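Chemist: okay, predicted coordinates and the sequence, questions at the end:
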Amino acid sequence: MNAAKMIDAPLRVGRMIQKSAIAASSLGDGDSGDVLADWRISSAGFFGSLRTRSIFFRMLDGGFRKVPLNTRVGIVGTNATGYIQQRGNALPISRLALAGAGLEPVTAAAILVVTDEVARSMTDEATNLVNAELRGAVSDVVDAEFWNLMIDSGTPSTVSAGNDQDGMRSDLAFLLESVNTKGVGPLFWVMSPDLANRVTVMQMPNGAMSGTGGEFLNWPALVGSTMPAGTLRLVNAGAIAANADPIVLDASNEAALEMETDPSGSSDAPTPTELISMFQTDSTALLAKVAFGVRRLRTNAVAEVTGIEWGTPVS
């Protein structure tokens, strides 16, 4: 980690202290190094915990078509058509339009900087705090990039038709008619936290919904913290190819970091930057990183309704 970008690193954790006589630790020294080694071993549990927060990892676990990263996949432009062969007639050839594209990996990462004192005393509580902060940062940035890759000018999108029952039915009909065109899935509702709260108190039939998710109209409903307020999306996970490498957890007290939330350092266009030595400041950098890839197989894999205010009295 020569230079790194800190993604949503909380100030209460990513803090620095003045230099002291504490020597830098290393793996196997019987001190903080062994504790950090144990932390890195916990990567499997860390990866699994992303599924409880991240929209992408929830659907990766039980919805997306998993294909290897760096592999070409076919995007369907025109569906294959079947025919009934008439007696004595030739059978027509079905035409399937595919646009080949690679499932290229994108790297999401988050870094926290803690003092060596904290690193040496990584109790269960401290480890849980660090894991929670890194898990939240990684899952949020993965979800944000997932939507960035899924939503474009061709995505079926409309503003809510109204806040009454008729408006709600119109909104839901738009999403279903846009995405559920073949009756295949699996399908997921994804909604913003404020909308999840509205749906919860509306006591909708055909599903048990809460502010953190559940079921809506008998399909899984997920709540995403990166979703714009008042937004509902319907996702056909079966029309999306995706995968992710195992999470990478690393720790170093020998790295030099640009301690900025918006660093200017770049290997493409090198510019002078001020780097802070973890060794000289008696600090340890903790890194969580994951490579993932996602691509739509159909243009109507996702549709959205924005500006929803269901249940709000008309003024």
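Modeler: Everything's here; your move. Numbers count the residues shown, from 1 in each chain.
Chemist: list the buried residues for stretch 143-154?
Modeler: Asp143, Ala144, Glu145, Phe146, Trp147, Leu149, Met150 (16 or more other CB atoms under 10 Å). Glycine gets a C-beta too; all of them are placed from N, C-alpha and C.
Chemist: show me which of those residues is closest to Thr231.
Modeler: Among the buried residues of stretch 143-154, Trp147 lies closest to Thr231 (CB to CB), at 9.8 Å.
Chemist: the strand or helix carrying the closest one - what's its average pLDDT?
Modeler: Secondary structure assignment for Trp147, by DSSP states H and E: helix 124-150. For helix 124-150, the mean pLDDT works out to 85.
Chemist: relative to the helix or strand following it, what are the paired strands and their orientations?
Modeler: Once helix 124-150 ends, the next helix or strand along the chain (criterion: DSSP H and E) is strand 157-159. If you go by DSSP bridges, strand 157-159 pairs up with strand 302-306 (parallel).
Chemist: mind listing residues that contact the strand it pairs with?
Modeler: With CB atoms under 8 Å, 6 or more residues apart in numbering as the contact definition, strand 302-306 has outside contacts at 150-151, 155-160, 171, 174-175, 178-179, 228, 230-236, 296.
Chemist: can I get the CA coordinates of that strand in PDB?
Modeler: Output in PDB follows, covering the C-alpha atoms of strand 302-306 (Å, rounded to 0.1, in the frame of the first residue of the first chain):
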ATOM      1  CA  VAL A 302     -33.600  -3.200 -14.100                       C
ATOM      2  CA  ALA A 303     -36.400  -0.600 -14.000                       C
ATOM      3  CA  GLU A 304     -37.100   2.200 -11.500                       C
ATOM      4  CA  VAL A 305     -39.700   4.600 -10.300                       C
ATOM      5  CA  THR A 306     -38.500   7.800  -8.600                       C
END
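Chemist: just to revisit the earlier point, now, which of the buried residues of stretch 143-154 sits nearest Pro193?
Modeler: Out of those, the member with the shortest distance to Pro193 (by CB to CB) is Asp143, at 12.7 Å.
Chemist: next, the angle from the strand ranked longest in the chain to helix 124-150.
Modeler: Counting by DSSP state E, the longest strand found in the chain is strand 283-296. Orientation check (axes from the mean of the first three to the mean of the last three CA atoms, to 10 degrees): strand 283-296 against helix 124-150 gives 30 degrees.
Chemist: tell me who's in contact with Ala106.
Modeler: Just to correct that, residue 106 is Val rather than Ala. For Val106, the contact set (CB under 8 Å, 6+ apart) comprises Glu145, Leu149, Ala291, Phe292, Gly293.
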